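Visitor: pasting the structure only:
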C-alpha cells in the first residue's frame, strides 16, 4: 500500500490520472494519446512519459501501442483498493471488497473511485505527502537498523576464535 501512496503523492501523476478519468467520462474515449496529455498539461513529453511509466508500473494505467503512438487508459482497481483501505478513516463510497478481474475504463460510465479525492485536491496533497513522508521515514529507519545489524555481525565475527585459518 505504501508504494501506491508514493505514486499518488506526486501532483503530476494525480493530474494525469484526473485527465484520463475526465476523458473517459466526458468524451467517451477511454484512451488518450501521450501527445494529447502533453498538450493538456503543458509539460514536456519526456516528463509525461516518465510519469505514465510509473503509473503503468503500478497498475494504474494500461497502454496500447499503435505504431509509434501510445494510448493510455485508466485502470481503477488500484484506486478502488486505496478507497477501500481509506474508508475506515473517513468513510465515503468504496468499491466492493470482493476480488474481481482488473477493470480497465473502456467507456464514459466510470464508477466512483478514490481518484476524486486525490486528483488536484488539497486533501490529496496532504495525505499523499504524509504517506510519502511516512514511507520515507520507515525506509530510513529500516536502513539504519540494517546497518546496525551488519555492524554487530562484523563485531561478533571479529571476536570469534580463528580455527585452522578460517575466519569470516
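Guide: Looks like it arrived, so ask away. Quantities reported herein were computed from a predicted structural model and do not represent experimental measurements.
Visitor: What is the three-state secondary structure of residue 71?
Guide: strand (DSSP: H, G, I helix; E, B strand; the rest coil).
Visitor: Backbone dihedrals for the residue nearest to it when sequence neighbours are not counted, both of them.
Guide: The spatially closest residue to residue 71, leaving aside those adjacent along the chain, is residue 31, at 3.9 Å (C-beta to C-beta, 6 or more residues apart in numbering). For the C-beta atoms, the positions are set from N, CA and C on the backbone; glycine is no exception. In terms of degrees, to the nearest 10, the main-chain angles of residue 31 are phi -90, psi 140.
Visitor: Likewise for residue 68?
Guide: According to degrees, to the nearest 10, residue 68 has phi -90, psi 0.
Visitor: Now that we're looking at it, what pLDDT does it have?
Guide: Per-residue pLDDT puts residue 68 at 90.
Visitor: for residue 6, same thing?
Guide: 87.
Visitor: right, and the helix or strand after the helix or strand harbouring it?
Guide: Assigned by DSSP states H and E, residue 6 falls within helix 2-8. Downstream of helix 2-8, the next assigned helix or strand under DSSP H and E is helix 11-22.
Visitor: The residue nearest to residue 71 touches residue 72, doesn't it?
Guide: Yes - Residue 31 is within contact range of residue 72, at 6.7 Å (criterion: C-beta atoms under 8 Å).
Visitor: Pick out whichever of these two has more residues nearby.
Guide: residue 72 (25 against 20; other C-beta atoms under 10 Å).
Visitor: separation between residue 32 and residue 18?
Guide: Taking C-beta to C-beta, to the nearest Å as the measure, residue 32 and residue 18 are separated by 12 Å.
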